[in-house]
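[1] have a look at this prediction, sequence included:
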Amino acid sequence: MSVVQPLRLYVNGERHDIEVEPRKTLADAIREDCGLTGTHLGCEHGVCGACTVLLDGQPVRACLMFAVQCDGTSLRTVEGLAPDDSTLHPLQQQFWEKHGLQCGFCTPGFLMLAAGYLEENPDPTDEELRDVLSSNLCRCTGYQNILAATKAAVAEIGK
Ligand code: FES
Ligand code: FES
């Protein structure tokens with residue numbers, strides 16, 4: 001018999017009352033129980049960053065957390081990044097314009113990583129941006145366009 005635990009998550013401003021097994025990861029709960037599959041799973045052990053979401057504003061690797069650890073918290077996923085259905089977030093806009101993605105698998109993780117960082121550090125140096133972005137992996141782009149897109153978004157946000 002599997003044991004489940006009730007859990008309340010606020011994801012992108014919406015309340016989700018779900019029941020999960022204690023060993024279920026936050027990433028799986030977001031994808032399977034909240035129905036938000038924009039959070040991707042690559043390595044599932046904390047290396048690639050594809051699963052990055054914001055937990056109470058901080059970027060976290062959702063594959064490394066148990067969902068039950070997040071009871072009552074506010075989460076933001078890539079589905080909640082754009083301000084509305086017809087406007088992209090500056091990071092999304094610049095990733096598009098600067099070709100910051102190819103297959104796109106890593107993109108939600110990079111977007112949420114950068115969004116979380118820039119909300120607390122709106123005027124980063126190149127060095128700081130390189131350091132932050134280096135925590136996630138991309139197998140396609142060679143990183144230069146991801147960096148260029150993030151820098152362009154910094155300029156856009158600062159306007
Ligand atoms: Fe979470 Fe790779 S899937 S870090
Ligand atoms: Fe393919 Fe990054 S765009 S892994």
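    Looks like it arrived, so ask away. Ligands and ions are numbered 1, 2, ... in the order given.

[2] just the pLDDT for the residue lying closest to residue 83 once chain neighbours are set aside.
    Of all residues not flanking residue 83 in the chain, residue 89 sits nearest, at 6.8 Å (C-beta to C-beta, 6 or more residues apart in numbering). Yep, even glycine has a C-beta here, placed from its N, CA and C like the rest. Residue 89 carries a pLDDT value of 97.

[3] where does the chain have low pLDDT?
    Residue ranges of the chain with pLDDT under 70: 1.

[4] which residues of the protein lie near ligand 1?
    Residues of the chain found near ligand 1 (C-beta under 6 Å from any ligand atom) are 41, 42, 43, 44, 46, 47, 48, 49, 50, 51, 61, 63.

[5] my guess is the second one contacts residue 62, does it?
    Pointing back at residue 42 there. No: contact criterion C-beta atoms under 8 Å: residue 42 and residue 62 do not qualify, at 11.4 Å.

[6] neighbour count for the two, which is higher?
    Taking other C-beta atoms under 10 Å, residue 42 and residue 62 do not tie; residue 62 has more neighbours (28 against 17).

[7] for that one, what are its contacts?
    Listed by C-beta atoms under 8 Å, 6 or more residues apart in numbering, the contact partners of residue 62 are 25, 26, 27, 30, 39, 51, 52, 53.

[8] correct me if wrong: the first one contacts residue 63.
    Yes: proximity of residue 25 to residue 63 meets the contact threshold set by C-beta under 8 Å, at 5.4 Å.

[9] what do those two both touch?
    residue 44.

[10] and residue 155, helix, strand or coil?
    Three-state assignment for residue 155 (DSSP: H, G, I helix; E, B strand; the rest coil): helix.

[11] what's the neighbour count on it?
    Residues within reach of residue 155, counting by other C-beta under 10 Å, total 10.

[12] same deal with residue 96?
    For residue 96, using other C-beta under 10 Å, the count is 13.

[13] quick check on it: phi, psi?
    Main-chain dihedrals, residue 96, degrees, to the nearest 10: phi -70, psi -50.

[14] any idea how far ligand 1 is from it?
    Residue 96 sits 23 Å away from ligand 1, taking C-beta to the nearest ligand atom, to the nearest Å as the criterion.

[15] try residue 113
    On the measure of C-beta to the nearest ligand atom, residue 113 and ligand 1 end up 11 Å apart.
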